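> I would like the atomic coordinates for the input below:
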Amino acid sequence: MNRGRYPGIARLQEEVNNANGETRACIYFERPLTAGEKKTLLEAIVTAREFDFNCPVRCAPKPLSLKTEVPHEFRLATTFLHQLGRNYAEGCFPVQGDWDRPNDSQVIWSVALREPLDQLPEGNEIVIDAAHVAKCIVDRPKQECLPEERRTGSELLQALLSDAPLKRPFGPERGINKKSVADLYGPGKFVIDVKELQKLERSTRIRLGRHLPSQFYRELVRILCNGQREHEPKLKWTAWQSWPQTPGGPQARAVPQTPVMFYYHYKATPFAEFLAAAKDRNSRSDLGQCRLAELLLRVELNPYDFGFSSIEDFTSLLQLSQVELASEVCISQEGYFFVDGDNQITKRPKRAIHFVVATAPDFAKWQASQAEPHRDFN
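As a prediction, this is how the structure comes out:
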């Protein structure tokens, strides 16, 4: 790390390593810390290191990973959204995943409700327990995005509970090999009413850095987070035959299917390259044909209309990528966990938890480390 940019970082890093073995960790700070502040930060790091990114459900006879071994139908968020009135016809299709790994279970599903949350009857209750997880699977309609999945209702539930091959284009290869959903999540029950959910939604706050004025941020989110192909009419979807080789990745790469996947691929590309491609009449690059490039052209004409306080702020924005801009967004909201530390369903606590999402570049990924090597790496 560039220790000159973060005074004292080497000293704190050494203490972190001594506190918990050989695992490396760093904290960035701009001023000397008091002994109490340093103790608090070190305790938080050591505690956080117990988190398992495989998200194991600690059930008998052995834990199952929510990330790689539990089909998405068993996800508690799936049950939650089903009871809120999920619009499967408009909102159930995969919008993100690594297209060079078609069986990867890390697919983010687009979500749409039949009615907005703030218009739902306040007295309705949402119940998360084993019985409702099973009922959700039995009741949900056949998903149009999975033509390979011919099973529905009780037949689908039994297939997911069995140890048989699922034969699907993504996710776990087999079922969870359990007699019931209770064998996975335990006997617990989480209950919350719609009025409380509406209150939680109103607690949301989004804080932005100087390169993301609110007007520009809203336009950016509409473009980058859209899962519908028709929202990028100028992209030559059928022309995407080859993609830059990912270090360590496979040679053959499938074609991305949605705008979200397109922008995910270019997440470490500076915005200046999108703008330059849009201005180059001889360019055939998709960078110049996408809606992000169109937005940047409009902003360049008058940055003040999009909330920028100066032309210099917009100019400096162009040198950044999605990866770097993400670190200028902080989102907070009140909420609850459905589960305990073993990922077993538990009852709702008396007080809500204050969640904070503060993104930073993932320096473990090659795209992020390439984006700013001169600033954060020696």
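> contacting residues for residue 60?
When contacts are counted by C-beta atoms under 8 Å, 6 or more residues apart in numbering, residue 60 is found next to residue 183. C-betas here are computed from N, CA, C, even on glycine.
> alpha carbons only: can I get the helix ranked longest in the chain in PDB?
If you go by DSSP state H, the chain has its longest helix at helix 35-48. The C-alpha trace of helix 35-48 is given here as PDB (Å, rounded to 0.1, in the frame of the first residue of the first chain):
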ATOM      1  CA  ALA A  35      -6.000   4.700  22.000                       C
ATOM      2  CA  GLY A  36      -9.800   4.200  22.400                       C
ATOM      3  CA  GLU A  37     -10.500   4.700  18.700                       C
ATOM      4  CA  LYS A  38      -7.800   2.300  17.700                       C
ATOM      5  CA  LYS A  39      -9.000  -0.300  20.200                       C
ATOM      6  CA  THR A  40     -12.600   0.000  18.800                       C
ATOM      7  CA  LEU A  41     -11.400  -0.400  15.200                       C
ATOM      8  CA  LEU A  42      -9.200  -3.400  15.900                       C
ATOM      9  CA  GLU A  43     -12.100  -5.100  17.700                       C
ATOM     10  CA  ALA A  44     -14.300  -4.500  14.700                       C
ATOM     11  CA  ILE A  45     -11.800  -6.000  12.300                       C
ATOM     12  CA  VAL A  46     -11.200  -9.100  14.400                       C
ATOM     13  CA  THR A  47     -15.000  -9.600  14.700                       C
ATOM     14  CA  ALA A  48     -15.600  -9.100  11.000                       C
END
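> mind giving me the packing neighbours of the helix or strand just after that helix?
Per DSSP states H and E, the first helix or strand lying C-terminal to helix 35-48 is strand 56-57. Under the contact definition 3 or more C-beta pairs under 8 Å, 6 or more residues apart in numbering; DSSP states H and E, strand 56-57 sits against strand 64-65.
> mind checking how far the strand it packs on is from the chain centre?
Here strand 64-65 is found 19 Å from its chain centre; the criterion is C-alpha atoms, centre = their mean, to the nearest Å.
> tell me the strands beside it, with direction?
Counting by DSSP bridges, the strands paired with strand 64-65 are strand 56-57 (antiparallel).
> distance between the strand it pairs with and the chain's centre?
19 Å.
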